[in-house]
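Novice: need coordinates for the below:
(one chain, ligands or ions: 1)
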Amino acid sequence: MPKLFSDFARARRENTRMVPVPSQAIIPDRDIYSSPVLECVHLGIDFGGLRAVDDFNLTIGKTEIAGLIGPNGAGKTTVFNLLTKVYAPTRGTIMVDGTDTAGLDPARVNRLGVARTFQNIRLFNSMTVEENVAVGLHNQMHCGLVTSVLRLPHHWKSEKYYHERALELLSIFDMEGLADHEAGSLPYGAQRRLEIVRALATNPKLLLLDEPAAGMNPSETAELMENIVKIRDQFQIAIMLIEHDMNLVMNICEGICVLNFGKIIAKGTPEDIQRNDAVVEAYLGKQAHPDAEEINVAGTLEEVLGKGVEA
Ligand SMILES: Nc1ncnc2c1ncn2[C@@H]1O[C@H](COP(=O)(O)OP(=O)(O)OP(=O)(O)O)[C@@H](O)[C@H]1O
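Specialist: Predicted structure coming up:
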């Protein structure tokens, strides 16, 4: 087990205490005097007869790293699609930093402070790394069309700002040297990192990462864990991630929400979640239980899913 994992776990234990807030949610104690970055109340969506997400209630603190986990098809990506308004909710409310997002489109929600990455990388492959980041920066652009077309002084100042800001953001992942490379030519792990940088370029308050460690090798994942915590510390934003890598989830997430068949079956700290029977059952499947003893499956999420997790 890399030392890094146990360091994270120790740091989390020492620095984070989750406390209840009036809505019965729990958020890190350092966030209790700030309004939550996200509040979902009775959120749900149906696809025809399928209740893909139902009665989803969640509060995320201003600088919290939160995990959204659950078996395949549980509704995790659908929640992200609701939060970013790719899908309009069938019912319920989504408040972002105190603002009701009802009726807002994805671009407006992004400007309000919600940015995301995708399960399947969605970069502009034929554009350079820097141009991809510039797409993210564009939403802050104050430079009008006339200024851009006539290339007035303000335009050059903006261009310089975007160039410098793009390099600064790329430096989070030591990628500034790749600025001129075609995005599609980058190795897989670097493309995943670039997606995070592009999302950060939109200046989010809440960064949603959909399976950020998918396809990464263990050393890339360890580095990613370190960088997610670094991003939260440096930008003082909240991060919510969907991830199947339980080492990552259990070691850097402060609050975890578990979905199964579109409903929340557990919420709590990593320790709470690892001890929760309903969670273990959801992951093992009911039919697995009669055989559990026989095949020597241990009864905690830690042992079942996160072999070697040090929480
Ligand atoms: N646009 C859609 N139309 C119809 N059904 C959909 C749509 N999007 C998602 N679903 C269904 O909603 C359910 C939840 O899917 P979702 O992709 O959110 O699960 P998930 O937890 O992200 O799964 P995975 O871990 O495999 O990515 C699934 O049954 C899926 O088929």
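Novice: neighbours of the residue of the stretch 101-250 of the chain found nearest the ligand, how many?
Specialist: In the stretch 101-250 of the chain, the residue found nearest to the ligand is residue 119; the distance is 6.0 Å by CB to the nearest ligand atom. Just so you know, the C-beta spots here come from the backbone N, C-alpha and C atoms, and that holds for glycine as well. Neighbours of residue 119 under the rule other CB atoms under 10 Å: 14.
Novice: need the contact list for it.
Specialist: Going by CB atoms under 8 Å, 6 or more residues apart in numbering, residue 119 touches 77, 210, 211, 214, 242.
Novice: 6 Å - rerun?
Specialist: 210, 211 (CB atoms under 6 Å, 6 or more residues apart in numbering).
Novice: quick check: residue 43 is in a helix.
Specialist: No: if the criterion is DSSP: H, G, I helix; E, B strand; the rest coil, then residue 43 is strand and not within a helix.
Novice: check the gap between it and the ligand for me.
Specialist: Counting by CB to the nearest ligand atom, to the nearest Å, the gap from residue 43 to the ligand is 13 Å.
Novice: I'd guessed that residue sits against residue 92; true?
Specialist: Yes: proximity of residue 43 to residue 92 meets the contact threshold set by CB atoms under 6 Å, at 3.5 Å.
Novice: what separation is there between residue 191 and residue 282?
Specialist: Separation of residue 191 from residue 282 (CB to CB, to the nearest Å): 31 Å.
Novice: three-state assignment of the residue of the stretch 101-250 of the chain closest to the ligand?
Specialist: Assigned with three-state DSSP, residue 119 falls in the coil class.
Novice: any chance you could map the helices in this protein?
Specialist: Taking DSSP state H, the helices of the chain run over residues 3-15, 76-83, 106-112, 129-137, 145-150, 153-170, 188-200, 218-235, 246-252, 270-275, 277-284, 289-292, 301-304.
Novice: just checking, what packs against the second one?
Specialist: Yep, that's helix 76-83 we're talking about. strand 50-60 (3 or more CB pairs under 6 Å, 6 or more residues apart in numbering; DSSP states H and E).
Novice: could you dump the strand it packs on to CSV, C-alpha only?
Specialist: Extracted C-alpha coordinates of strand 50-60, given in CSV (Å, rounded to 0.1, in the frame of the first residue of the first chain):
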residue,chain,number,x,y,z
LEU,A,50,-38.1,4.3,-15.0
ARG,A,51,-37.4,6.3,-11.9
ALA,A,52,-33.8,6.8,-12.6
VAL,A,53,-33.3,9.1,-9.6
ASP,A,54,-35.8,9.6,-6.8
ASP,A,55,-36.0,11.7,-3.6
PHE,A,56,-32.3,12.7,-3.9
ASN,A,57,-31.4,15.0,-1.0
LEU,A,58,-27.9,16.1,-0.6
THR,A,59,-26.0,19.1,0.9
ILE,A,60,-22.3,19.8,0.0
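Novice: direction included, what does it pair against?
Specialist: With DSSP bridges as the test, strand 50-60 is paired with strand 38-47 (antiparallel).
Novice: angle of the strand it pairs with against helix 76-83?
Specialist: 110 degrees (axes from the mean of the first three to the mean of the last three CA atoms, to 10 degrees).
Novice: give me the contacts around strand 38-47.
Specialist: Outside strand 38-47, the residues touching it (CB under 6 Å, 6+ apart) are 52-60, 87, 89-95, 206.
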